[in-house]
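J.: below: sequence and its predicted model.
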Amino acid sequence: MIMIRIKLLLLISVFSAKLYAQMPEAYKGYFRNPVGLPMELVANFGELRPDHWHMGLDIRTNKKENQPVYAAADGFISHVGIRPQSFGRFIIIDHPNGLSTLYAHLNNFFAGLEEHVTAQQYEQESWAVELDFTKDQFPVRKGDFISYSGNTGGSQGPHLHFEIFDTKTTKRLNPLLFDFPVQDNTPPLLTRLAIYDRSKSVFLQKPLLLPLKKTDSGYIVPKMPVIKTGWQKLSFALQMIDVMKNGGRDNGVFTSTLYLDEQPQVKFVLDSIDYSETKYINAHIDYKHDYNGGVFLQHLSALPGHNGAEYKKISGDGVIYLTDTMLHYVSVDVKDTDFNTSQLNFAVQFSDSLAAEIQQEIDYEKFLPNKLNELKRDDFEMSIPETGLYDAVPVAYYRFNSNAYNAISALHQVSDASYPVHTPFTVGIKPVKTVPAEWKDKLLILRTDRKRRQAKKAEWQGEWLTAVFGEFGSFQVFADATPPVVNSLGKGDTVNLSPASRIIFTPTDNFGIKKFRAELDGKWIRFTNDKSRNWIYIFDERCPYGVHHLKVEVEDLAGNTTVKEWWFKRYPYTPPKKKAVKKSASKKKVTVKKKGKK
């Protein structure tokens, strides 16, 4: 078993067009389709997502929930999790071959597992739980029913999210390399070529964008067989997707290889990836172009601060150096997991006259990749770790006074959120006015940009307030003494919930909700929080018919709490019958006399 596992990981780590043929017989047909429907995909492994690559397959469930989900192979359920957003309700099965499978966005688990998870939720008094199991607790055989499919967590519609990963390292493996019944006869689609001047940061320029045309001999740049440039250091990116029958629109490509004068330079391949590496997608795409409403442009070479394993150097790093005025031929091969191939061919040539027209870049303060970056002002500090940036970005610091009654500091704007950050950084802000005693532990640092806002509880460090963030933007300290708002359960001294099947609360707050707790007749009751907005309790045996007391407590990020209590009654309910509309047996004929001429 160990030798088979080693062979498989070696095969996955070394890309080859003969991958399928080399896969050990033990793995051909080892995993079955985890649903009882034809295996059609909504998204593939490597689909481009905000801040991450898609790490598995999204399998169609006919746009319906509660389709049976089956164990893909023999093993045992090693973990069950319930998370808001993210996977929602999910199961992990460990298999004897050293691999594990994950099934996410589920509804109810099979009866024994569902009962055990519910008991643990009530014991921990938490809807969100993470539970580990031994191999003797919930063993499964290939094809055993394990759950119903659903739409829980961060899912945008009913489907099954399915992953395969190495049990020991947790590195995710491309499931389409495991002989599943998914046919793909269509090569990737190439739409646009982007060219960058790599003498400067990719974030400090707009790329040259050229449309592509498909021909019988591959893709070309129409009407431009030779691209003349004044740049001596070039890199390229492509707008490209893996086209699949009934597949998603942003499917990621499996691999791309860049050639210069017929010599392979660098290869990008998504055969396996770890969750700790998936944020490097922000260095793989032109993040700024995407943030500002552009398409996904995927770099064919790594940026200076990209430290992931997706790019494999061959005879170069993908940055092209033009040291003469001769023609140089560039090719790009793009493949999917079935090795359907699309090829782009063009030539580049350095031009002295075009180089003379390039204006000298203005030298201004920048944050740089692969070094510790610190910004220090009288009442603002920022420290970005060495692994924080992919390429140089402008510092661009501005300070603004604020008249807001609950603002404790000035507003500090640093750079722009269109520049990606890989590793979170620490922000420190010194208050500009005395903080009242009652506000000392009610302070938040709010980060805003033109798309998002995020608040973090501020921590005192001497005279400074600090918090950790993962994006540039504007930062300011606010006092929050306003408790959350909780909607009412209903009217009356004893609310009549007999017609209802559930209770829903949607608490709101000016900065954000931290905690929700509900008690029924003095005991914790399970409200789900699947989409991070509504808290929902569906009536079950823990709320029998009769009169009950409900207490709800909501806490915000600053520690302000709101407590509300109600009495409600719940009895068997029969909807009133609609009154039948009697139809008359006969209709009276109305005669209208028309006026005639005199």
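T.: Arrived safely, thanks for sending.
J.: that's a strand at residue 160, yeah?
T.: Yes - under DSSP: H, G, I helix; E, B strand; the rest coil, residue 160 sits within a strand.
J.: ranges for the helices of this structure?
T.: Using DSSP state H, the helices assigned to the chain run over residues 2-13, 19-22, 111-124, 281-284, 287-291, 352-356.
J.: list the contacts of the longest one.
T.: Surrounding helix 111-124, the residues in contact under the criterion C-beta atoms under 8 Å, 6 or more residues apart in numbering are 77, 80, 82, 91, 108-109, 127, 129, 131, 138, 146-147, 524, 526. Heads up, the C-betas are built off the backbone N, CA and C, glycines and all.
J.: want to throw those residues into JSON lines with distance to residue 432 and neighbour count?
T.: Shown next, in JSON lines, are the contacts of helix 111-124 (distance: C-beta to C-beta, whole Å; neighbours: other C-beta atoms under 10 Å):
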{"residue": "77", "distance to residue 432": "55", "neighbour count": "27"}
{"residue": "80", "distance to residue 432": "49", "neighbour count": "23"}
{"residue": "82", "distance to residue 432": "44", "neighbour count": "24"}
{"residue": "91", "distance to residue 432": "52", "neighbour count": "25"}
{"residue": "108", "distance to residue 432": "54", "neighbour count": "14"}
{"residue": "109", "distance to residue 432": "54", "neighbour count": "24"}
{"residue": "127", "distance to residue 432": "41", "neighbour count": "20"}
{"residue": "129", "distance to residue 432": "44", "neighbour count": "15"}
{"residue": "131", "distance to residue 432": "48", "neighbour count": "17"}
{"residue": "138", "distance to residue 432": "58", "neighbour count": "21"}
{"residue": "146", "distance to residue 432": "57", "neighbour count": "21"}
{"residue": "147", "distance to residue 432": "54", "neighbour count": "27"}
{"residue": "524", "distance to residue 432": "43", "neighbour count": "17"}
{"residue": "526", "distance to residue 432": "45", "neighbour count": "17"}
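J.: show me which of these is closest to residue 362.
T.: residue 82 (52.7 Å; C-beta to C-beta).
J.: contacting residues around that closest one?
T.: 88, 89, 90, 117, 121, 127, 128, 129, 130.
J.: is it true that residue 519 touches residue 550?
T.: Yes - in this structure, residue 519 is within contact of residue 550 by C-beta atoms under 8 Å, at 7.4 Å.
J.: more neighbours: the two, which one.
T.: A count of neighbours by other C-beta atoms under 10 Å puts residue 550 above the other of residue 519 and residue 550, at 21 against 15.
J.: can you pull the contacts of the more buried one?
T.: Contact partners of residue 550, counting by C-beta under 8 Å, 6+ apart, are 489, 503, 518, 519, 520, 525, 565, 566, 567, 568.
J.: name only those of the contacts of residue 82 that count as buried.
T.: With burial judged by 16 or more other C-beta atoms under 10 Å, the buried subset of the contacts of residue 82 is 88, 89, 90, 117, 121, 127.
J.: pretty sure the second one contacts residue 154?
T.: No - the pair residue 89 / residue 154 is not scored as a contact, 11.8 Å apart, by C-beta under 8 Å.
J.: between the two, what contacts are shared?
T.: residue 105.
J.: end to end, how far does stretch 259-277 reach?
T.: End-to-end span of stretch 259-277 (C-alpha to C-alpha, to the nearest Å): 26 Å.
J.: same question, stretch 278-287
T.: 14 Å.
J.: again with stretch 531-546
T.: 30 Å.
J.: ok, now stretch 499-514?
T.: End-to-end for stretch 499-514, by C-alpha to C-alpha: 31 Å.
J.: and the contacts of it?
T.: Contacts of stretch 499-514 (C-beta under 8 Å, 6+ apart): 444, 446, 455, 478, 480, 482-487, 489, 497, 516, 518, 527, 533-539, 550, 552, 554-559, 562, 570, 573, 575.
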